[in-house]
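>>> model the following, please.
(6 chains)
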Number of protein chains: 6
Amino acid sequence: MRDDFWEAVGLKLSARNQLKGTVKEVVSDGVVAKVKIHIDAPMEITAVVTKEAVEELGVKKGDKITAIVKSTEIMLGKD
Amino acid sequence: MRDDFWEAVGLKLSARNQLKGTVKEVVSDGVVAKVKIHIDAPMEITAVVTKEAVEELGVKKGDKITAIVKSTEIMLGKD
Amino acid sequence: MRDDFWEAVGLKLSARNQLKGTVKEVVSDGVVAKVKIHIDAPMEITAVVTKEAVEELGVKKGDKITAIVKSTEIMLGKD
Amino acid sequence: MRDDFWEAVGLKLSARNQLKGTVKEVVSDGVVAKVKIHIDAPMEITAVVTKEAVEELGVKKGDKITAIVKSTEIMLGKD
Amino acid sequence: MRDDFWEAVGLKLSARNQLKGTVKEVVSDGVVAKVKIHIDAPMEITAVVTKEAVEELGVKKGDKITAIVKSTEIMLGKD
Amino acid sequence: MRDDFWEAVGLKLSARNQLKGTVKEVVSDGVVAKVKIHIDAPMEITAVVTKEAVEELGVKKGDKITAIVKSTEIMLGKD
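The predicted model follows:
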């Protein structure tokens, strides 16, 4: 049962973006599960996009912006 | 130059997770750019992970949890 | 119900690749759904890969090439 | 020199979405490269999103829809 | 049935990371399936992360490191 | 400098796939870095793909298979 590589890890991650929150709902299915999380604290996140996108959108310091992430791209970590 | 498919879009997205914030820094490179964003408002996000992960982590309503996203997985949108 | 951050958005996206088409089939499951889409128009897409891959594949202007995307990486937008 | 695992592969892929086209431009950088591709043939693609997104967007057969993919999610294959 | 673009492909892939192994288990669901694979051989993989992450983690030649991949990011190929 | 959310984390991750190895090379760029890693131990990984892909590829227990991951999808963790 893959117990060999699934242990508590005490590591530092290269992922720039770690959003801390509280689980609101868990819906399990045959293979996957959907987890809704309430993020309460203000935080800073980092996105890497094409330079071309930044130029065409005209993204600059102070701009209001929306960071968009697909739910399948999010991993969960628990202490 | 791809102006044909890069226009302002008035659409609804399937992405569950849209984090609104303010651009703190933009660092451009030859091909890619790094954008740091301060997210101020509390929000709700949705993750889809394997049911197996949810069970092994023991994720349930009320748990403190960390949502982890790689910076290359984040898209940007601007009004 | 996350109605606070799920509204019609009038935004420009950093995603280089927006493929317009027509829904052919929708199969829903407990947590996820599969959507088949017919893309009709010619279009231009942008890929970011390692420079090393480009060199080993010998990718250059005029080459016939296949862009490969996993179905879980695709988001949907609707007017 | 990872020549041991980088050879021509004659395989069938699980990726639902293989878009055939012609390279229009290659811009190389220190580590990554941007490749623009013109897709000429009509094609069918498959997206997997949350059932919730499909319901909120009201996605059904016959709808006009936009499939959105980040450029970093695209792999390239060459015959 | 998308039979038009789902054929055996004899192509070279830009994906740096091709892990060869043996299927241990397949669990199918309505829309998705989970496939467990035993990877036997030593191999080399390539990750692209932010330079910032490399510096903060202090990643350098000879370090012990863990490469982390979400299960939804893995495609399958078969000869 | 985001020091507030970048600390050593002692967490369990939902990522099914944690490949332990040794850094062979680090190439840094303006924004991103490429890290080559030698994985020495055999391991088990889990992929989530469409059920349709599993059926068309005819994936079953005992099959030889290739797991393919794009380098931008890999995160790094360090003890």
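
>>> what about the helices in chain A?
Secondary structure of chain A (DSSP state H): helices located at A:51-57.

>>> where are the low-confidence patches of chain A?
For chain A, the stretches with pLDDT under 70 are A:1-11.

>>> ranges for the strands of it?
Ranges of strands in chain A, per DSSP state E, are A:9-13, A:17-28, A:32-39, A:43-50, A:64-69, A:75-78.

>>> any residues of chain A in contact with chain E? List them.
Taking CB under 8 Å from any CB of the partner chain as the measure of proximity, chain A contacts chain E at A:2, A:9, A:11-16, A:29-32, A:46, A:48, A:72-73, A:75. Yep, even glycine has a C-beta here, placed from its N, CA and C like the rest.

>>> number of nearby residues for residue A:17?
Residue A:17 has 26 neighbours, counted by other CB atoms under 10 Å in any protein chain shown.

>>> show me what it is bridged to.
residue B:69 (DSSP bridges).

>>> that one is in contact with residue A:39, isn't it?
No: the pair residue A:17 / residue A:39 is not scored as a contact, 11.0 Å apart, by CB atoms under 8 Å.

>>> hey, what's residue A:37 bridged with?
On the basis of DSSP bridges, residue A:37 is bridged to residue A:23, residue B:45.

>>> that one touches residue B:43, doesn't it?
No: at 9.3 Å, residue A:37 does not count as touching residue B:43 under the criterion of CB under 8 Å.

>>> the two: which has the busier surroundings?
residue A:37 (27 against 20).

>>> what sits up against stretch A:41-49?
Applying CB atoms under 8 Å, 6 or more residues apart in numbering or on different chains, the contact partners of stretch A:41-49 are A:16-17, A:19-20, A:67, B:19, B:21, B:24, B:32-40, B:42, B:69, B:71-72, B:74-76, C:14, D:70, D:72, E:50, E:52, F:2, F:4-5, F:31-32.

>>> can you rerun that using 7 Å?
The contact list for stretch A:41-49 (CB atoms under 7 Å, 6 or more residues apart in numbering or on different chains) reads A:16-17, A:19-20, A:67, B:19, B:24, B:32-40, B:71-72, B:74-76, C:14, E:50, F:2, F:5, F:31-32.

>>> can you turn the buried part of those into a ChimeraX selection?
Buried members of the contacts of stretch A:41-49 can be picked out in ChimeraX with the line below, counting by 16 or more other CB atoms under 10 Å in any protein chain shown:
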select /A:16,17,19,20,67 /B:19,24,32,33,34,35,36,37,39,71,72,74,75,76 /C:14 /E:50 /F:2,5,31,32
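
>>> so what's residue A:20 up against?
Going by CB under 7 Å, 6+ apart, the list of residues near residue A:20 reads A:41, B:66.

>>> now it: how far from residue B:68?
Noted for residue A:20: a distance of 10 Å to residue B:68, by CB to CB, to the nearest Å.

>>> for chain A, what lies in contact range of chain C?
Residues of chain A lying near chain C by CB under 7 Å from any CB of the partner chain: A:27, A:29-30, A:32-34, A:49-50, A:53, A:57, A:66, A:70, A:72.

>>> buried sites along stretch A:55-73?
Neighbour-count burial for stretch A:55-73 [16+ other CB under 10 Å]: A:56-57, A:59, A:63, A:65-73.

>>> so which of the residues you listed is the closest to chain D?
Chain D lies nearest to residue A:71 out of the buried residues of stretch A:55-73, by CB to the nearest CB, at 5.7 Å.

>>> hmm, that closest one is touching residue B:18, no?
No: with contacts counted by CB atoms under 7 Å, residue A:71 stays clear of residue B:18, the gap being 11.3 Å.

>>> quick check: residues of chain A near chain D?
Within chain A, the positions adjacent to chain D are A:34, A:50, A:71 by CB under 7 Å from any CB.

>>> recalculate using a threshold of 10 Å.
Counting by CB under 10 Å from any CB of the partner chain, the residues of chain A close to chain D are A:27, A:29, A:32, A:34, A:36, A:48-53, A:68, A:70-73.

>>> how about the buried residues of stretch A:55-73, which pair is most distant?
A:63 and A:72 (27.4 Å; CB to CB).
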